[in-house]
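>>> Prediction below, plus the sequence it came from.
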Amino acid sequence: MSEQRKFAGWKLAVLGGLGVLLVLDAGFSILLWQLRQSDPAELRSERATLETKAKLLKADIGRSERIRKNMPDVGVEADRFYEHEMPVAAKGYSGIVDDLGEIATKAGLKTSATGFHESPLKGRNVTEIGITESVEGSYASVLQFIVGLERSKSFYLLDSLAMDRAELGHLHLTLELRTYFRT
């Protein structure tokens, strides 16, 4: 009887092992069936998309590394701009009036009024100077004046240009400009 029990135990172990193998086989069959359901063209498309994303990410990383490497240079350039391009407040308004007058004269414009208003920028050691300039002349002269502002050694931002009135070939304009003083 003991041999019969040993044989029965061994038989159960073999049957259990076969059952486990059948379950694994069924699982692999389901997995293979699902993989066959995927279209090869769709898989190639997905791979191409992933490769494109990888290239874009590598390019972004390269740009960010170049930016990080150039950061000290940007700081030096900003300091140079602050020191050399922004006049000190002591030079003041007469320098602006002279510069704008010279640009207008070269462009062939007449200036009639220049107004200023200050706005200190907190925590930046800079004062924004708003400038209102009234000019009159031809359209070509106005264009030359704007080009002169761009080429000026002083830093100006042209915010707006409004026409007050126009006569035959003659414009009357009000310009809103900004510049900055170091404080």
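That came in fine, so what should we check first? Quick caveat: nothing in here was measured; it's all calculated off a predicted structure.

>>> any idea which helix or strand comes after the worst-scoring helix or strand of the chain on mean pLDDT?
Using mean pLDDT, DSSP states H and E, helix 2-37 stands out as the lowest-scoring helix or strand of the chain, at a mean of 80. Next helix or strand after helix 2-37 toward the C-terminus (DSSP states H and E): helix 40-85.

>>> And the next helix-or-strand element following that next one, what's buried?
As assigned by DSSP H and E, the chain's next helix or strand after helix 40-85 is helix 92-107. Using 16 or more other CB atoms under 10 Å as the test for burial, helix 92-107 gives 96, 99-100, 103-104, 107. Every C-beta, even on glycine, is put in place using the N, C-alpha and C of the backbone.

>>> ditto for stretch 116-136
Of all the residues in stretch 116-136, those buried under the rule 16+ other CB under 10 Å are 126-127, 129, 131, 133-136.

>>> what residues does that stretch touch?
Here stretch 116-136 makes contact (CB atoms under 8 Å, 6 or more residues apart in numbering) with 86, 89, 93, 96, 100, 104, 109-115, 142, 145, 156, 164, 170-183.

>>> and that stretch, how far apart are its ends?
End-to-end distance of stretch 116-136 (CA to CA, to the nearest Å): 19 Å.

>>> do the same with stretch 83-99
Start-to-end span of stretch 83-99 (CA to CA) is 19 Å.

>>> Identify the residues contacting that stretch?
Here stretch 83-99 has contacts from 114, 116, 126-127, 129, 131, 152-155, 179-183, using CB under 8 Å, 6+ apart.

>>> Just grab the bridge partners of residue 121 for me.
Per DSSP bridges, the residues bridged to residue 121 are residue 126.

>>> Report the separation between it and residue 182.
11 Å (CB to CB, to the nearest Å).

>>> do the same with residue 50
Using CB to CB, residue 50 is found at 52 Å from residue 182.

>>> Same question for residue 164.
Distance from residue 164 to residue 182, counting by CB to CB: 33 Å.

>>> which SS class is residue 135?
Each residue gets one of three states, and residue 135 gets strand by DSSP: H, G, I helix; E, B strand; the rest coil.

>>> so which helix or strand takes in residue 143?
helix 139-151.

>>> which residues sit against that helix?
Against helix 139-151 from outside (CB under 8 Å, 6+ apart): 103-104, 106-109, 135, 137, 156, 158, 161, 169, 171, 173, 177.

>>> 10 Å instead, please
With contacts defined as CB atoms under 10 Å, 6 or more residues apart in numbering, helix 139-151 is touched by 99-100, 102-111, 133, 135-138, 155-158, 161, 163, 166, 169-171, 173, 175, 177.
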